[in-house]
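Sequence and predicted structure, then a few things I'm wondering about:
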Amino acid sequence: MKFVRYKSFDEIPLSRTEWDDLVLRSSGHSVFQRYSWVSKWWQHLGDGFELYFVAAMEGTTVVGFAALMIDADRV
């Protein structure tokens, strides 16, 4: 397994369906992890933050991910 970081939504190697399928397979999932919520949050509230999306990869398949952000003012 390897971990790959992505800095923009355009780079993330998941479709909306693949993203949501991974979320639904995780224990304790919530609506706030769904693609529609995260992408809209980032679109409207992400200015001034750096996207820190980490994908866990098995070969070329994303098997897990963490959609995070960095606030440079708080680092």
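The structure has been received and is ready for your questions.

all contacts plus neighbour counts: C-alpha atoms, from now on.
Fine.

Give me the phi and psi angles of the residue nearest the centre of the chain.
Against the mean C-alpha coordinate of the chain, by C-alpha atoms, centre = their mean, the closest residue is Ala67 at 3.1 Å. Main-chain dihedrals, Ala67, degrees, to the nearest 10: phi -100, psi 110.

do the same with Thr60
Per degrees, to the nearest 10, the backbone of Thr60 is at phi -100, psi 10.

Repeat that for Glu11.
phi -80, psi -20.

Secondary structure class of the spatially closest residue to the residue nearest to the centre of the chain that is not a sequence neighbour, three-state.
With sequence-adjacent residues excluded and distances taken as C-alpha to C-alpha, 6 or more residues apart in numbering, Ala67 is closest to Phe53, at 4.5 Å. Following DSSP: H, G, I helix; E, B strand; the rest coil, the label given to Phe53 is strand.

Thought Phe65 was touching Phe53, still the case?
Yes: using C-alpha atoms under 8 Å, Phe53 is in contact with Phe65, at 7.2 Å.

Isn't Ala56 up against Val62?
Yes: with contact defined as C-alpha under 8 Å, Ala56 and Val62 form a contacting pair (5.7 Å).

buried sites along the host helix or strand of Met57?
Using DSSP states H and E, Met57 maps to strand 50-58. For strand 50-58, burial by neighbour count (16 or more other C-alpha atoms under 10 Å) applies to Leu51, Tyr52, Phe53, Val54, Ala55, Ala56.
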